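Asks: Let's see this in three dimensions:
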Amino acid sequence: MNGGVMMAERKAGLLQALRTVLSALFGVRRRSTHDEDVAGLRPIQVIIAGVIVVAAFVLAIIAFVQFVATR
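Replies: From the prediction side, this is the model:
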């Protein structure tokens, strides 16, 4: 409690974790967005989102190479 006022704990979802990982991947983040993400995200959410993004990236590269190789 802070001066009789309780602050609600903010929980982040998978979409916010994915947005955080993608913005970190491209290197475009505002300070205020970073502060909001730090307050609401747990490390396991960021790890899971990172694995999803990396897997999607690798699959996209494989699909692109397959597409180019068959032509």
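
Asks: going forward, measure contacts between C-alpha atoms and count neighbours the same way
Replies: OK.

Asks: need the helix or strand of the protein with the lowest average pLDDT.
Replies: Of all helical and strand segments in the chain, the minimum by mean pLDDT, DSSP states H and E falls on helix 31-40, at a mean of 81.

Asks: remind me which residues of this structure are low pLDDT?
Replies: 1-10 (pLDDT under 70).

Asks: Give the buried residues for the top helix by length along the chain.
Replies: Longest helix of the chain, by residue count under DSSP state H: helix 43-69. Across helix 43-69, burial judged by 16 or more other Cα atoms under 10 Å covers 45-46, 49-50, 53.

Asks: quick one: that helix to chain centroid distance?
Replies: A distance of 13 Å separates the centroid of the chain from that of helix 43-69, by Cα atoms, centre = their mean, to the nearest Å.

Asks: Dump the C-alpha coordinates for the helix or strand where A17 lies into CSV.
Replies: In this structure, A17 sits in helix 14-26 according to DSSP states H and E. C-alpha atoms of helix 14-26 as CSV (Å, rounded to 0.1, in the frame of the first residue of the first chain):
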residue,chain,number,x,y,z
LEU,A,14,1.3,-13.1,-24.9
LEU,A,15,0.7,-10.3,-27.5
GLN,A,16,2.5,-7.8,-25.3
ALA,A,17,5.4,-10.2,-24.9
LEU,A,18,5.6,-10.7,-28.7
ARG,A,19,5.4,-7.0,-29.3
THR,A,20,8.3,-6.5,-26.8
VAL,A,21,10.5,-9.2,-28.4
LEU,A,22,9.8,-7.9,-32.0
SER,A,23,10.5,-4.3,-31.1
ALA,A,24,13.7,-5.4,-29.4
LEU,A,25,14.6,-7.4,-32.5
PHE,A,26,14.3,-4.3,-34.7
